[in-house]
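S.K.: Quick one, what's the 3D model for this:
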Amino acid sequence: MSNIQGQRTTESIISDIQPLNFSDRIYDAEFGMNRENVNRDTMFRILYKLGKGLGRPSKWKKFQVAEDTMHKQITAIDTIAAPTDTSFTVTAGDGSLLLPGFLIYNINTGETMRVNAVATDTVTVTRDWGSALAGGASASTANDDNLRIVGMASAEGTGAPEAISNQPEAGYNYTSYVRTAVDASLHDINTETEVGKDWPWQRKKAMLQHIREVNNHLWFSTRHAQAVCPVFSKPVTTTGGLLQHLKAEYDVSTTYTGVLSQRCIDMIMERAFYRGSSEKWAFMGQHIGMGFSAIARNQIRVNDQDSKKYGINIQEYTAMGCTLKIVVDKEIFTGIGAASGYSGGTMSSKMAILDMEYIDLRHIQNMGTQLYRGVQLPGVSGKKDVWETTVGIEMSPSIDNTYNSDTAPDQYRPPHLLVTGLDTYDD
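M.R.: Reported below is the predicted structural model:
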């Protein structure tokens with residue numbers, strides 16, 4: 001297709017609205033024309049390979065996240081007058097989760113109680129329901145004892161109980177509008193310069209930059225809408241990226257002094273797989289990846305004295321029927337370990353564990369990834385093309401989920417986890 005100067009034409013990458021499914025023949029300029037594409041493990045590509053593509057089209061820049069919350073399963077005794085008292089208060093706000101007829105179980109003492117009445121957060125109970133404890137109600141019952149909410153034990157012939165409702169505000173997010181341009185003057189195009197001789201390559205290089213920018217939006221962008229952007233004097237929206245959604249954090253520096261050890265990995269696995277799928281993806285930098293490899297190497301005995309190769313490449317870590325698929329993303333989780341001068345707080349000390357079953361993408365209908373050619377203004381002595389993508393994260397639990405935290409043991413833990421404080425690892 002020939003372009004008239006100043007005319008705007010569009011070209012989809014394949015046909016219709018397609019994700020950034022770039023050919024394997026497109027390489028990164030930093031590594032030369034004959035090197036492997038270093039961007040193959042970006043979040044965008046992985047989601048595409050998993051069949052996510054650009055997700056469902058949206059008619060609006062703001063889209064609702066399909067998200068709701070489960071009721072809390074555990075509360076606690078906030079105040080009890082005496083160990084055998086039949087009335088006490090529970091954690092503020094949790095009285096609304098209890099109804100007359102509910103059974104609650106004291107995790108600390110093993111006592112089961114039946115709820116007789118609820119007034120705000122004050123609960124009246126029958127102690128030692130079923131007389132399971134020797135000597136009646138436990139004399140050791142105390143403030144801050146954790147209570148498992150067993151649920152309704154309804155009497156025969158009674159009507160349906162009242163519903164417990166916790167209708168949260170619907171979660172939502174926005175789409176980001178990502179644009180990456182490539183241009184050159186007519187002088188460069190028509191003289192013996194690299195730009196002039198290889199304009200298609202310059203456009204491909206801009207495409208590589210574009211996928212990096214899209215990938216950065218998926219990780220680092222924050223949810224925001226501004227009616228008049230001071231830069232462009234136009235409306236702008238940005239998506240809430242993965243790191244804004246990861247509310248559940250596990251700081252290993254407090255328990256394991258920042259050292260990635262075998263026991264530390266086991267604890268990470270235990271927390272990461274508390275909810276969600278039995279297969280999750282762990283994104284990390286080289287530093288933590290080296291730690292996984294070092295721990296595995298320590299379990300191997302080399303008997304072949306003539307071997308000239310030594311090392312191990314960990315791509316999956318399996319424990320208790322759960323699998324972490326390990327992805328070393330050097331661009332997102334950049335930096336090196338504390339031994340080389342970097343300490344906690346850098347991306348090199350973090351690891352994001354994501355349940356891909358709860359992550360989807362969204363795009364504005366008819367505005368997926370496209371290449372627009374010849375967008376230079378009339379009369380401009382040059383040539384300009386631009387790559388454009390609209391993309392947003394649809395993630396569950398959403399950033400509005402009030403129970404999206406990791407305060408043990410009484411909160412609904414999300415299926416995702418951000419591990420922080422990993423400064424070094426066992427040799």
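S.K.: Let me see the contact set for the residue lying closest to residue 396 once chain neighbours are set aside.
M.R.: The shortest distance from residue 396 to any non-neighbouring residue, by C-beta to C-beta, 6 or more residues apart in numbering, is to residue 358 (4.3 Å). In this view, the C-beta of every residue, glycine as well, is placed from N, C-alpha and C. If a contact means C-beta atoms under 8 Å, 6 or more residues apart in numbering, then residue 358 has 276, 395-397, 415-416 as its contacts.
S.K.: would you say residue 326 is within a strand?
M.R.: Yes: read with DSSP: H, G, I helix; E, B strand; the rest coil, residue 326 is one of the residues of a strand.
S.K.: ok, it to residue 158 distance?
M.R.: According to C-beta to C-beta, to the nearest Å, residue 326 and residue 158 sit 53 Å apart.
S.K.: So those two - more neighbours on which side?
M.R.: Taking neighbours as other C-beta atoms under 10 Å, residue 326 and residue 158 compare with residue 326 leading, 19 against 8.
S.K.: beta partners of the more buried one?
M.R.: Residue 326 has the following beta-bridge partners by DSSP bridges: residue 282.
S.K.: isn't it right up against residue 315?
M.R.: Yes: with contact defined as C-beta atoms under 8 Å, residue 326 counts as touching residue 315 (5.7 Å).
S.K.: helices or strands up against the biggest strand by length in the chain?
M.R.: When the chain is scanned for its longest strand (criterion: DSSP state E), the result is strand 382-395. The contact analysis (3 or more C-beta pairs under 8 Å, 6 or more residues apart in numbering; DSSP states H and E) places strand 382-395 against strand 172-174, strand 176-185, helix 186-189, helix 199-220, helix 242-245, strand 359-364, strand 370-373.
S.K.: do you know which of these lies nearest residue 232?
M.R.: Closest approach to residue 232 among those is made by strand 176-185 (10.8 Å; C-beta to C-beta).
S.K.: Next, the residues that contact stretch 318-332 from outside, please.
M.R.: Stretch 318-332 has contacts (C-beta under 8 Å, 6+ apart) with 38-39, 41-43, 46, 212, 215-216, 219, 265-266, 269, 272-273, 278-286, 289, 292, 314-317, 347, 353.
S.K.: Now list the buried members of the residues you listed.
M.R.: 39, 41-43, 46, 212, 215-216, 219, 265, 269, 272-273, 279-286, 289, 292, 314, 317, 347, 353 (16 or more other C-beta atoms under 10 Å).
S.K.: Now intersect those with the helices, please.
M.R.: If you go by DSSP state H, the buried ones among the contacts of stretch 318-332 have 43, 46, 212, 215-216, 219, 265, 269, 272, 286, 289, 292 in helices.
S.K.: out of the residues you listed, who's nearest residue 362?
M.R.: Out of those, the member with the shortest distance to residue 362 (by C-beta to C-beta) is residue 43, at 14.5 Å.
S.K.: Now do the contacts for the closest one.
M.R.: Residues near residue 43 by C-beta under 8 Å, 6+ apart: 215, 218-219, 242, 283, 329, 332.
S.K.: again, 7 Å this time
M.R.: 215, 218-219 (C-beta atoms under 7 Å, 6 or more residues apart in numbering).
S.K.: Under the pLDDT cut-off, which ranges of the stretch 101-250 of the chain? List them.
M.R.: Across the stretch 101-250 of the chain, the ranges flagged by pLDDT under 70 are 134-138, 166-170, 192-198.
S.K.: sorry, back to before: any chance of the contacts of residue 43 in CSV with distance to residue 202 as columns?
M.R.: Formatted as CSV, these follow (distance: C-beta to C-beta, whole Å):
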residue, distance to residue 202
215, 21
218, 25
219, 26
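S.K.: Could you tell me how many residues sit around residue 224?
M.R.: Applying other C-beta under 10 Å, we find 12 residues neighbouring residue 224.
S.K.: same check, this time on residue 240
M.R.: Residues contacting residue 240 under the criterion other C-beta under 10 Å number 23.
S.K.: Same check on residue 81?
M.R.: Residue 81: 10 surrounding residues under other C-beta under 10 Å.
S.K.: Quick check: pLDDT value at it.
M.R.: Listed pLDDT for residue 81 reads 90.
S.K.: Can you read off the backbone torsions of it?
M.R.: Dihedral pair for residue 81: phi -70, psi -40, per degrees, to the nearest 10.
S.K.: For it, give its distance to residue 143.
M.R.: Residue 81 sits 10 Å away from residue 143 when distances are taken as C-beta to C-beta.
S.K.: Ok, residue 152 next?
M.R.: Taken as C-beta to C-beta, the span from residue 152 to residue 143 is 26 Å.
S.K.: Over to residue 245?
M.R.: Using C-beta to C-beta, residue 245 is found at 35 Å from residue 143.
S.K.: Residue 91 and residue 74 touch, don't they?
M.R.: No: assessed by C-beta atoms under 7 Å, residue 91 is found out of contact with residue 74, at 9.2 Å.
S.K.: and stretch 154-168, how far from the chain's centre?
M.R.: Per C-alpha atoms, centre = their mean, to the nearest Å, the displacement of stretch 154-168 from the mean C-alpha position of its chain is 35 Å.
S.K.: Show me what the helix or strand hosting residue 296 is packed against.
M.R.: Assigned by DSSP states H and E, residue 296 falls within helix 286-297. If you count contacts as 3 or more C-beta pairs under 7 Å, 6 or more residues apart in numbering; DSSP states H and E, helix 286-297 packs onto strand 322-328, strand 424-425.
S.K.: tell me what the shortest one is packed against?
M.R.: So the one you mean is strand 424-425. By 3+ C-beta pairs under 7 Å, 6+ apart, strand 424-425 packs against strand 259-260, helix 286-297.
S.K.: Thank you kindly, that will do.
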